[in-house]
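Student: generate a structure from the sequence data that follows.
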Amino acid sequence: MTENDELQIPRDARDDMAAQGDNKPILDTMFWIAAVAVAGAYVRAIMFTPTEARQGLAQKIYYIHLPAALNAYLAFTIVALCSVVYLWLRDPRADRLAESAAEVGVVFTTVVLTTGPIWGKPIWNTWWTWDARLTLTLFLWFIYASYLVLRGAVDDPGMRARYSAVLGILGALLIPFIHLSVYLFRTLHPMPIVLKPERPSLPNEMLTTLTLSFIAFVILCIALIRVRYRLSVAREQLAELEAR
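Tutor: All right, here's what the predicted structure looks like:
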């Protein structure tokens, strides 16, 4: 909710919202901690982490690309779990959380699909190829973008929540195939060097940077979901007040 939105809300409606205990700022302390953590992680990646011998500075994108991908998977897993809870209990909070996580997941997947070509161009000499992992990731993005479009297209809250829940669960089933695609198909993507059964083959300094970046992105993911959930609650309360 922006400052302009607040100005458009009648004073009595704002007072009612405050009385219900929902006058907390949308961007809370956790969001700013997450922003500082992500910035700090990337400063470490650029300034204090060795440059990879063959890929050079382009490899530094790895510390954004992989954490963004893992947190997209995390967000979409939350969508699927909350969707199952909604279909089971019909709890609108689960539906609200699923919607919030889906938006955040789409943002992180967009980061993945943007940083991947930037990293791949100097290494593969091409911006894009219909590699199995790239194609499946793009398909995942379309599924959850469609999820958000669906939510905006259906007016009935119950029907919207049910249809969205089914799509949210089905979309998450693609995640294991994306991870295993490098084993199942011939792709330009290398085999995993961290997420594999054996010990990670990344040098210790790089692994430490990657771990810190991943933790920072997890905090950011949770913070963004909290922000989006709080915004959803505020919008619903405003709609209820305007309907009085």
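Student: use CA for all of it now, contacts and neighbours both
Tutor: OK.
Student: for the chain, which spans come out with low pLDDT?
Tutor: For the chain, applying pLDDT under 70 flags the ranges 1-24, 197.
Student: longest helix in this structure, by residue count?
Tutor: Across the chain, the longest stretch assigned as helix under DSSP state H is helix 204-242.
Student: which parts of this protein are helices?
Tutor: Using DSSP H, the helices found in the chain span residues 3-8, 11-19, 29-47, 62-89, 92-124, 132-153, 157-172, 174-184, 204-242.
Student: rebuild these as JSON lines, extending it with distance to residue 195 and mean neighbour count.
Tutor: Output for the helices of the chain, formatted as JSON lines (distance: least, C-alpha to C-alpha, whole Å; neighbours: other C-alpha atoms under 10 Å):
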{"stretch": "helix 3-8", "distance to residue 195": "43", "mean neighbour count": "9"}
{"stretch": "helix 11-19", "distance to residue 195": "46", "mean neighbour count": "13"}
{"stretch": "helix 29-47", "distance to residue 195": "19", "mean neighbour count": "17"}
{"stretch": "helix 62-89", "distance to residue 195": "10", "mean neighbour count": "22"}
{"stretch": "helix 92-124", "distance to residue 195": "17", "mean neighbour count": "21"}
{"stretch": "helix 132-153", "distance to residue 195": "15", "mean neighbour count": "18"}
{"stretch": "helix 157-172", "distance to residue 195": "19", "mean neighbour count": "19"}
{"stretch": "helix 174-184", "distance to residue 195": "9", "mean neighbour count": "15"}
{"stretch": "helix 204-242", "distance to residue 195": "11", "mean neighbour count": "18"}
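Student: how near is the residue most central in space within the chain to residue 75?
Tutor: For the chain, the residue nearest the mean C-alpha position is residue 105 (2.7 Å; C-alpha atoms, centre = their mean). Taking C-alpha to C-alpha, to the nearest Å as the criterion, residue 105 is separated from residue 75 by 5 Å.
Student: list the residues that contact residue 228.
Tutor: By C-alpha atoms under 8 Å, 6 or more residues apart in numbering, the contact list for residue 228 reads residue 100.
Student: ok, it to residue 235 distance?
Tutor: Using C-alpha to C-alpha, one gets 11 Å for the distance from residue 228 to residue 235.
Student: please apply the same query to residue 86.
Tutor: Taken as C-alpha to C-alpha, the span from residue 86 to residue 235 is 20 Å.
Student: likewise residue 81?
Tutor: 24 Å.
Student: also residue 174?
Tutor: Note on residue 174: its distance to residue 235, by C-alpha to C-alpha, is 32 Å.
Student: quick one: contacts for the residue nearest to the residue nearest to the centre of the chain when sequence neighbours are not counted?
Tutor: Excluding the flanking residues, the one nearest residue 105 by C-alpha to C-alpha, 6 or more residues apart in numbering is residue 72, at 4.5 Å. Residue 72 sits next to 104-109 when contact means C-alpha under 8 Å, 6+ apart.
Student: please give me every residue in contact with the closest residue to residue 214 other than its chain neighbours.
Tutor: Leaving out its chain neighbours, the residue that sits closest to residue 214 by C-alpha to C-alpha, 6+ apart is residue 67, at 4.8 Å. Neighbour list for residue 67: 210, 213-214, 217 [criterion: C-alpha under 8 Å, 6+ apart].
Student: so what's residue 64 up against?
Tutor: Contacts of residue 64 were listed using C-alpha under 8 Å, 6+ apart, and they are 42, 115, 213.
Student: state the distance from the residue nearest to residue 80 when sequence neighbours are not counted to residue 78.
Tutor: Nearest non-adjacent residue to residue 80, counting by C-alpha to C-alpha, 6+ apart: residue 169, 4.4 Å away. Distance of residue 169 to residue 78, computed by C-alpha to C-alpha: 10 Å.
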